[in-house]
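**Q** I need the structure of the sequence given here:
(one chain, ligands or ions: 1)
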Amino acid sequence: MIKKCLFPAAGYGTRFLPATKATPKEMLPVLTKPLIQYGVEEAIEAGIDTMAIITGRGKRAIEDHFDISYELEHQIKGTTKESLLTEIRKVITKCTFSYTRQVEMKGLGHAILTGETLIGDQPFAVILADDLCDNQESSDGVLAQMIKLYEKYKCSIVAIEEVPMEETHKYGVIAGKEIEPGIFMINDMVEKPTSEDAPSNLAIIGRYILTPDIFDIIRKTKPGKGGEIQITDALMTQAKNGMVLAYKFQGKRFDCGSVDGFVEATNYFYKESKK
Ligand code: G1P
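**A** Numbering: from 1, shown residues only. Down below sits the predicted model:
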């Protein structure tokens with residue numbers, strides 16, 4: 001069973017400056033809820049109860065968010081505003097949060113390796129909170145869908161979606177053999193390729209299930225694209241040694257790491273809230 005989810009959250013969020021100068025980008029709200037809380041709720045819905053968060057300097061607001069604020073509770077007790085805290089209270093009661101700091105920014109692979117002490121020797125999930133996912137059509141969120149698949153195949157899995165070829169340079173891109181509708185056995189993976197070099201238009205989005213042997217593989221992975229240690233490269237090694245799957249998830253995903261995606265997500269969730 002997958003019980004732990006890792007949230008790499010040490011990045012600077014430079015695309016949202018000046019908003020992210022003193023506020024972690026994971027705390028930017030879509031409507032009234034910070035991005036990272038959407039991710040945590042998706043993990044809870046998938047049966048996960050332990051959240052392992054990789055933070056960095058200037059990210060203490062995340063820890064405070066997933067804790068009780070006695071002063072605030074006292075202030076609003078018995079008022080109509082109390083209901084606004086219902087969801088976050090549930091989150092705090094249902095799960096445990098642990099934190100470790102990534103001291104140097106050396107890439108997503110390095111961030112995941114930093115979480116090894118929090119994860120230990122068990123399969124785990126990874127959520128990149130700035131990929132905000134919603135699933136209106138089926139009752140399962142993206143992570144819940146991936147965990148079901150893990151139970152069948154017991155190997156690392158990445159979530160993918162089709163993107164226009166001119167956008168492959170923003171993503172890890174895979175190629176593979178379709179073994180079931182929407183499920184690919186990966187045989188190639190490239191981090192942020194140009195459209196000419198991309199093996200397909202199937203882009204990795206910020207949801208992963210990883211088996212714990214990935215930690216040793218990351219340790220041996222040399223810096224790749226941008227001089228950073230890439231999880232995409234480590235997963236390619238894992239795919240060569242055994243099997244890694246890519247899963248075309250059901251639902252919607254917003255790239256909240258970009259202003260356009262953030263605005264799109266805000267409009268979408270606003271409309272949904274009025275239904
Ligand atoms: C990271 C990964 C990339 C993946 C993307 C999904 O890139 O390195 O492979 O496609 O997340 O959001 P980043 O967006 O952190 O640059």
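**Q** what residues are up against the residue in the chain that the ligand sits nearest to?
**A** The ligand sits closest to residue 172 of the chain, with a gap of 2.6 Å, by Cβ to the nearest ligand atom. Every C-beta, even on glycine, is put in place using the N, C-alpha and C of the backbone. For residue 172, the contacting residues are 158, 189-192, 203-204, 230-232, taking Cβ atoms under 8 Å, 6 or more residues apart in numbering as the criterion.
**Q** where exactly do the helices run in the stretch 1-150 of the chain?
**A** Per DSSP state H, counting those that start in this stretch, the stretch 1-150 of the chain has helices spanning 35-45, 60-65, 70-76, 86-94, 108-114, 116-119, 142-153. These are given in chain order.
**Q** want to try JSON lines for those, with mean pLDDT, distance to the ligand and mean neighbour count as columns?
**A** Written out in JSON lines, the entries for the helices of the stretch 1-150 of the chain read as follows (pLDDT from 0 to 100; distance: least, Cβ to the nearest ligand atom, whole Å; neighbours: other Cβ atoms under 10 Å):
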{"stretch": "helix 35-45", "mean pLDDT": "97", "distance to the ligand": "12", "mean neighbour count": "23"}
{"stretch": "helix 60-65", "mean pLDDT": "95", "distance to the ligand": "17", "mean neighbour count": "15"}
{"stretch": "helix 70-76", "mean pLDDT": "89", "distance to the ligand": "33", "mean neighbour count": "10"}
{"stretch": "helix 86-94", "mean pLDDT": "92", "distance to the ligand": "23", "mean neighbour count": "13"}
{"stretch": "helix 108-114", "mean pLDDT": "97", "distance to the ligand": "5", "mean neighbour count": "24"}
{"stretch": "helix 116-119", "mean pLDDT": "98", "distance to the ligand": "18", "mean neighbour count": "18"}
{"stretch": "helix 142-153", "mean pLDDT": "97", "distance to the ligand": "12", "mean neighbour count": "19"}
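**Q** could I get those helices in a markdown table, plus columns for distance to residue 250?
**A** Listed next are these as a markdown table, based on distance: least, Cβ to Cβ, whole Å:
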| stretch | distance to residue 250 |
| --- | --- |
| helix 35-45 | 13 |
| helix 60-65 | 29 |
| helix 70-76 | 37 |
| helix 86-94 | 24 |
| helix 108-114 | 24 |
| helix 116-119 | 27 |
| helix 142-153 | 6 |
